[in-house]
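>>> Prediction below, plus the sequence it came from.
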Amino acid sequence: MPAAAVCTDKFRTTAEAMARLHGFDGYRFVAVPHPIASLELPELASLAAATLNEVLAIWEVGE
């Protein structure tokens, strides 16, 4: 099943470091603006729609 990692931009450096630590230097993921915890469902849906092309691009590379 295809998957893509998503994190907020505040955690980009940590995500990159964790990927590198586990042998996945250059691992691709999608970073969205921080914070997202306070967003309402319509705002989250809009954010998801705005990042869809990035997620699909990650899936295409993995095929």
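Good, I have the coordinates. Bear in mind the structure is a predicted one, so any value in this text is a computation, not a measurement. Residues are numbered from 1 along each chain as shown.
>>> can we go C-alpha only for contacts and neighbour counts from here?
Noted.
>>> got any ranges where the chain has weak pLDDT?
Along the chain, the parts satisfying pLDDT under 70 run over 62-63.
>>> for it, which helix is longest?
helix 41-62 (DSSP state H).
>>> Not counting it itself, show me its contacts.
With Cα atoms under 8 Å, 6 or more residues apart in numbering as the test, helix 41-62 has contacts from Pro2, Ala3, Ala4, Arg28, Phe29, Val30, Val32, Ile36.
>>> so how far is it off the chain centroid?
8 Å (Cα atoms, centre = their mean, to the nearest Å).
>>> swap in stretch 14-27?
13 Å.
>>> repeat for stretch 7-25
11 Å.
>>> Could you do stretch 33-53 as well?
11 Å.
>>> Repeat that for stretch 25-43.
Computed by Cα atoms, centre = their mean, the separation of stretch 25-43 from the middle of its chain amounts to 6 Å.
>>> List the buried residues in it.
Residues of stretch 25-43 classed as buried: Arg28, Phe29, Val30, Ala31, Val32 (neighbour count, 16 or more other Cα atoms under 10 Å).
>>> any idea how far Asn53 is from the last one?
Just to be clear, that refers to Val32. According to Cα to Cα, to the nearest Å, Val32 stands 13 Å off from Asn53.
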